[in-house]
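[1] Give me a 3D structure for the following:
(chains A and B)
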There are 2 protein chains.
Amino acid sequence: MAKPIAGPEIERLIQLLAKLPGLGPRSARRATLHLVKRKEQLLGPLAQAMTQALERVLVCSVCGNIDTRDPCTVCCDPARDQTLVVVVEDVSDLWALERAKALNAAYHVLGGVLSPLDGVGPDDLTIRQLVERVAGGTVREVIIAVNATVEGQTTAHYLTDQLAEFDVRITRLAHGVPVGGELDYLDEGTLSAAMRARTAF
Amino acid sequence: MAKPIAGPEIERLIQLLAKLPGLGPRSARRATLHLVKRKEQLLGPLAQAMTQALERVLVCSVCGNIDTRDPCTVCCDPARDQTLVVVVEDVSDLWALERAKALNAAYHVLGGVLSPLDGVGPDDLTIRQLVERVAGGTVREVIIAVNATVEGQTTAHYLTDQLAEFDVRITRLAHGVPVGGELDYLDEGTLSAAMRARTAF
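    Residues are numbered from 1 along each chain as shown, chains lettered A, B, ... in the order given. A predicted model of the protein is given here:
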């Protein structure tokens, strides 16, 4: 901009909001205006919520979930089957599975997938912690719920190797047709997998 | 969600971020994770920027712009022609015209447009303040830059009536083909307006 039209505080707010996923410079400007027009209802509460999150948010030392207590709410939940551990790449995957109410289990967040090209090796993930957790003896089944990408599947195979020596069941998510999906739009790999894993009516 | 997976501070942050334009519940969750994973680089600065904006942002008593000083940066700028006043609906329009570097002028933010169906009358906008500003005698030209909607044009006509008694030039933005626009995609109203207002090569 040739001339300043607003104070540096507003410009800074726009710049920081533009760093959020899903917001670009234009929508960050729109969001900033939306905020400063609603100081009492939105800007104030949001500033407060962020300050609180900044002070209290931490990473669970057991599973890697993000929460305001350690161990996290999921790890402390007595109603969950802590002998079932679902291994996910990221906290967002944990949240997605929880939204789906897929299973009443515990989790283990890897923090990524093995990717030699990007320089991500086993020591960059929480694989050692997972092995120690399984070695503890309370885990009955490890469900590997990584993404169905090449890196995800490589990581899944590596984990299977690492956990082979323990008396633990290792499973993975089923491949198949997404619920509500149309066959015509699916790739061949998914269709083949769904056909191979067909079930009786 | 059936079970809490994160502390109330995180849930609250998601709920508040979901109220921003351009973010829904899903992208607010993604933005929250992005923030809490980058506490030092993003969450902290953003919390601070919001707290500062909350304390300092105010509405300019002269033109209605949003800034951290009153009169605002635009109104105090000695390099601007303060005898030219561009009338806009919203602060976002002011920012848009400034980005376009359309004119080195002062502004007047109406705060909306006349809309009897929505119960917006002349007293809900800053029309009285505009008339007083023009009555002050320093304004030479009022450029009505409201949106090209029915309500915008109604408001423009109303403003013209209110300002008729003063010795001030009243103009409006030109209608025509948007720069980079293709004729085939334009509506008939725009094409007719562009044809009527054709200029010599």
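
[2] for chain A, what's the longest strand?
    strand A:81-88 (DSSP state E).

[3] Parallel or antiparallel, list what pairs with that strand.
    Note on strand A:81-88: by DSSP bridges, its sheet partners are strand A:105-109 (parallel), strand A:141-144 (parallel).

[4] any idea how far the last one is from the chain center?
    Once both centres are worked out by Cα atoms, centre = their mean, to the nearest Å, strand A:141-144 turns out to sit 16 Å from its chain's centre.

[5] One more: stretch A:49-68?
    Distance, centroid of stretch A:49-68 to centroid of chain: 14 Å (Cα atoms, centre = their mean).

[6] Next: stretch A:61-78.
    That offset, for stretch A:61-78, works out to 14 Å (Cα atoms, centre = their mean).

[7] Check stretch A:183-201 too.
    For stretch A:183-201 - counting by Cα atoms, centre = their mean - the centre lies 26 Å from the chain centre.

[8] on that earlier part again, in the longest strand of chain A, what counts as buried?
    For strand A:81-88, the neighbour count (16 or more other Cβ atoms under 10 Å in any protein chain shown) marks A:82, A:84-88 as buried. For the C-beta atoms, the positions are set from N, CA and C on the backbone; glycine is no exception.

[9] which residues are contacting the helix-or-strand element of chain A with minimal mean pLDDT?
    Least confident helix or strand, chain A: helix A:188-196 with a mean of 87, by mean pLDDT, DSSP states H and E. By Cβ atoms under 8 Å, 6 or more residues apart in numbering or on different chains, the surrounding residues in contact with helix A:188-196 are A:175-177, A:183, A:186.

[10] Could you pick out the buried ones from these?
    By 16+ other Cβ under 10 Å, those give A:Gly176 as buried.

[11] Now flag whichever of the buried residues of strand A:81-88 is closest to A:Phe166.
    For the buried residues of strand A:81-88, the closest approach to A:Phe166 (Cβ to Cβ) belongs to A:Val85, at 11.7 Å.

[12] can you tell me which residues contact the closest one?
    A:105-108, A:130, A:133-134, A:139, A:141-143.

[13] Throw these into JSON lines and include pLDDT and neighbour count, thanks.
    JSON lines is the format used below for the contacts of A:Val85 (pLDDT from 0 to 100; neighbours: other Cβ atoms under 10 Å in any protein chain shown):
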{"residue": "A:Ala105", "pLDDT": "92", "neighbour count": "17"}
{"residue": "A:Ala106", "pLDDT": "94", "neighbour count": "23"}
{"residue": "A:Tyr107", "pLDDT": "95", "neighbour count": "28"}
{"residue": "A:His108", "pLDDT": "96", "neighbour count": "27"}
{"residue": "A:Leu130", "pLDDT": "96", "neighbour count": "22"}
{"residue": "A:Arg133", "pLDDT": "94", "neighbour count": "18"}
{"residue": "A:Val134", "pLDDT": "95", "neighbour count": "22"}
{"residue": "A:Val139", "pLDDT": "94", "neighbour count": "21"}
{"residue": "A:Glu141", "pLDDT": "95", "neighbour count": "14"}
{"residue": "A:Val142", "pLDDT": "95", "neighbour count": "23"}
{"residue": "A:Ile143", "pLDDT": "95", "neighbour count": "20"}
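
[14] Please identify which of the residues you listed is nearest to B:Leu94.
    Nearest to B:Leu94 among the contacts of A:Val85, with distances taken as Cβ to Cβ, is A:Tyr107, at 48.6 Å.

[15] surely the closest one meets A:Val74?
    Yes - using Cβ atoms under 8 Å, A:Tyr107 makes contact with A:Val74 at a distance of 6.1 Å.

[16] intersection of neighbour lists for the two?
    A:63, A:65, A:94.

[17] domains of chain A?
    A:8-56, A:66-172 (automatic domain parsing).

[18] The first one near chain B at all?
    Yes - figure legend: domain A:8-56 in contact with chain B (Cβ under 8 Å from any Cβ of the partner chain); contacting residues A:8-10, A:12-13, A:16-17, A:19-23, A:27, A:29-31, A:33-37, A:39, A:42-47, A:49-54, A:56.

[19] Is there a quick PyMOL command that grabs whichever of those residues are buried?
    To isolate the buried members of those in PyMOL, using 16+ other Cβ under 10 Å:
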select buried, chain A and resi 9+10+12+13+16+17+19+20+22+23+27+29+30+31+33+34+35+36+37+42+43+45+46+47+49+50+51+52+53+54
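
[20] List the contacts of the nearest residue to A:Asn65 once chain neighbours are set aside.
    In space, and not counting its chain neighbours, A:Asn65 is closest to A:Cys72: 4.4 Å by Cβ to Cβ, 6 or more residues apart in numbering or on different chains. Shown in contact with A:Cys72 (Cβ under 8 Å, 6+ apart): A:60, A:62-63, A:65-66, B:6.

[21] Just put those in TSV and tack on pLDDT.
    Listed next are the contacts of A:Cys72 as TSV, based on pLDDT from 0 to 100:
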residue	pLDDT
A:Cys60	93
A:Val62	92
A:Cys63	92
A:Asn65	93
A:Ile66	92
B:Ala6	72
